[in-house]
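Enquirer: Any chance you could fold what I've pasted below:
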Amino acid sequence: MYALLAFVPIILTIVLMTVFNFPAKKALPIAWLLCCILGVVFWKTSIKTLFACTIYGFLSSLDVLVIIFGAIIIMNTLKKSGGMHAINRGFISITKDSRIQAIIIGFLFESFLEAAAGFGTPAALAAPILVSLGFPAIAAATIALIYDSVAVSCGAVGTPIIMSLSLLNGAVDANLMATWTVISNGIVGILIPFLGIAVLTKVFGKEKSFRPALEVLPFALFAGVTFSTIYVIINSLVSFEFASLIGSLISLPIVMLAAKKGFLVPKKVWSFRDNDEVKIDEKTIDAASVENHGISIVKAWLPYVIIAIILMITRIDALGLKAILQKSIFVIKFDSLFGIPELTYNFKWAYLPGTIFLIVALITHLLHKMNHRQIREAWVLTFKQVGNATIALIFGVAFVQIMRYSYINDSGNPSMLMSMAEALSKVGSIAYVVISPFIGVLESFISGSNTVSNVLFTTLQYEVATKINILPEAILALQINGGAIGNMVCINNAVAVCATLGIMGSEGKLIKNNVIPMIIYTLLLIIVVGMGIFLLT
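Expert: You can find the predicted model right below:
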């Protein structure tokens, strides 16, 4: 009975968001309120404990919110300064083959956007560029969502993993969890460029055939291997926080140069339009709110290069800055909130990637010689975008903390999370390895965010893994990567990209196109992680 009751807030969240189309910012506060009621009535949780858990949840979400704000202010600064327009223009003269364009812009550039900003921006920025190159709008939207997946696990400077680690509060080996996440995703990610092209040619090509996709298989594998190799190496040598960022930043020019030189590129051009008919559709570019102010391509990329350099020198142990930035002088500590030892929060503001983003945004204002109007618009837009994410995150984290610590007042029952974990553990270890990533996919599909998916299910996945005696870091990798894969079919992203391209009403068709790629990706991930668990544990 208690396990069923514990599942009610999560089930309610799913119903509100899928059946009644509630946004996460409305559904999660309602779920939090229901969780509070269940805690008082069935778990005998005191009002003081509920209040303490809620405040602790609000504080715990602060790390992620600073990263989100910093990442989005950089993106909006480049939109308003003209930097993003310069970046877009740089892709146009590389190749006339639509398949190669899709890989470079859809997979690699979009991976970079995901790594640097995330939270709905990648597909909405990449899809209009593809349309301007002759792609049908629905084809551009489909490919943009399929490719907004591999980089997501370490996207927005590692935010999904950071969120999971903050919820677990030292219960797992952070490096081991990141390694399982990155390596398993990197192995499967090699195939994703080809998977996207297969959908493109089969569903949208004149031939309705996989043959044009097979022609570009060598180049697609080259792009996948290049990204995944750097992605894994950066995680191993530096940190998961910018495995996607540096992975895409390095692999993008490599693959672009290869395409320009004709390396592994099919001799026969495959295009949605005749070569001489491909024109730049300024209206489509404008739909993504990208302004043109004559910024050079070097200046446009410079803020991201500066961010990458600062992140690297502050994350490499041997350089010493990492330890300095985590000293107590740079930490705001909230110890034992309301006298509860478990509820201790440390705000390491100087070490957060979001702080670095904010500093670089201010530098970019000067570097790009932005006027007061451009600066004001960038900041106002950022506050508006982050406002919606803030409500969803703080209440999502708060209600998870209540579920986690509902045992504190000693009602004689395990916590809500433990009750759910005990129920799920009965399916057995093999079955749970199969179920685990689909849990992440489901919530990401609903909420539109891998981070929110991890907020809701990280602790549950950890508890189940512990009970069924499977390495928790491996199960958490399935959760995190499953949440990333869910981006392919998530409702919010489908609405955003369709609105950007002016094809509202096509969301159902878009999601339907991406269901099979999502299932293939998830099954491949299950095989890779399952084999890893069997061989290494």
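
Enquirer: ok, Ile375 - contacts?
Expert: 77, 80, 365 (CB atoms under 8 Å, 6 or more residues apart in numbering). Yep, even glycine has a C-beta here, placed from its N, CA and C like the rest.

Enquirer: Select from the residues you listed the one having the most neighbours.
Expert: Thr77 (29 neighbours; other CB atoms under 10 Å).

Enquirer: And the next helix or strand past the strand or helix carrying it?
Expert: Assigned by DSSP states H and E, Thr77 falls within helix 62-81. Per DSSP H and E, the first helix or strand lying C-terminal to helix 62-81 is helix 83-90.

Enquirer: counting contacts, what elements does that next one pack onto?
Expert: Helix 83-90 is packed against helix 62-81, helix 297-315, with contacts defined by 3 or more CB pairs under 8 Å, 6 or more residues apart in numbering; DSSP states H and E.

Enquirer: Counting by contacts, list what the longest one packs against.
Expert: Right, helix 62-81. Using 3+ CB pairs under 8 Å, 6+ apart: helix 62-81 touches helix 83-90, helix 110-116, helix 155-168, helix 297-315, helix 353-367, helix 372-405.

Enquirer: so what's the closest residue to Ile30 other than its chain neighbours scoring on pLDDT?
Expert: Nearest non-adjacent residue to Ile30, counting by CB to CB, 6 or more residues apart in numbering: Leu16, 6.5 Å away. Looking at Leu16, its pLDDT stands at 83.

Enquirer: just checking, Leu16 touches Phe22?
Expert: Yes. Assessed by CB atoms under 8 Å, Leu16 is found in contact with Phe22 at 4.1 Å.

Enquirer: could you point out which element follows the helix or strand where the residue nearest to Ile30 lies?
Expert: Here Leu16 sits within helix 2-18, counting by DSSP H and E. Downstream of helix 2-18, the next assigned helix or strand under DSSP H and E is helix 24-42.

Enquirer: Contacts made by that next one with the rest, please.
Expert: 2, 5-6, 8-10, 12-13, 16-17, 22, 45, 47, 49-50, 54, 388-389, 391-392, 395-396, 398-399, 402-403, 406, 411, 413, 416, 446-449, 452, 492.

Enquirer: quick one on the thing from earlier: for the residue nearest to Ile30, list the residues it contacts.
Expert: Leu16 sits in contact with 22, 26-27, 30-31, where contact means CB under 8 Å, 6+ apart.

Enquirer: Make a markdown table out of the residues you listed and add distance to Ile197.
Expert: As requested, those are exported to a markdown table (distance: CB to CB, whole Å):
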| residue | distance to Ile197 |
| --- | --- |
| Phe22 | 36 |
| Lys26 | 38 |
| Ala27 | 36 |
| Ile30 | 42 |
| Ala31 | 39 |
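
Enquirer: which among these gets closest to Lys509?
Expert: Among these, Phe22 lies closest to Lys509 (CB to CB), at 22.9 Å.

Enquirer: show me where the stretch 151-300 of the chain has strands.
Expert: Assigned by DSSP state E, counting those that start in this stretch, the stretch 151-300 of the chain shows no strands.

Enquirer: residue ranges with poor pLDDT in it?
Expert: Low-confidence segments of the stretch 151-300 of the chain, defined by pLDDT under 70, span residues 273-293.
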